[in-house]
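> no FASTA, just this:
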């Protein structure tokens with residue numbers, strides 16, 4: 001009886017985990033924040049729909065393999081890469097900071113977080129930018145908060 005209960009519980013947990021994994025893309029592509037992730041060489045591994053649209057792409061898949069030098073903000077690529085490298089090297093998140101952006105608003109509020117991954121994984125960190133914070137306030141708001 002105990003063995004059967006454990007199997008049922010394990011099965012319920014597996015199903016819940018699978019459902020969560022299926023929901024993640026739906027959630028990521030429907031939040032207002034632009035989210036992307038890069039590898040240790042600062043090459044884009046992916047993004048959500050909001051980031052792809054901000055970058056002028058029709059789908060998130062188009063960004064894979066590109067660097068900041070391939071993007072519309074190539075003039076700020078060195079600045080962005082220096083910020084990214086600082087987070088990777090320190091291993092510390094950088095939350096709710098203002099940075100220049102090639103948009104009519106002129107800046108955005110960003111949060112960059114290192115990810116703890118296995119040595120075999122190339123994924124190293126992610127960043128979220130918030131359109132809801134472009135009023136130049138660096139105080140966290142419900143639309144800008146990122147928990148790392």
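Nice, I can see it. Since we're looking at a predicted model, the values are computed, not measured.

> ok, residue 109 touching residue 129?
Yes: distance between residue 109 and residue 129: 7.1 Å, which falls inside the contact criterion (C-beta atoms under 8 Å). All C-beta atoms are positioned from the backbone trio N, CA, C, and that covers glycine.

> helices of the protein, start to end?
Under the criterion DSSP state H, helices of the chain are mapped to 2-28, 49-54, 77-90.

> just say which of the ones you listed is most tucked in.
Per residue and on average, the most neighbours among the helices of the chain fall to helix 49-54, with a mean of 20 (mean count of other C-beta atoms under 10 Å).

> which residues are in contact with that one?
In this structure, residues lying in contact with helix 49-54 by C-beta atoms under 8 Å, 6 or more residues apart in numbering are 28-36, 58-60, 62-63, 103, 129, 131.

> in strands, which of those residues fall?
Among the contacts of helix 49-54, the members falling in strands are 34-36, 129 (criterion: DSSP state E).

> which among those gets closest to residue 91?
Nearest to residue 91 among those: residue 36, at 19.1 Å, using C-beta to C-beta.
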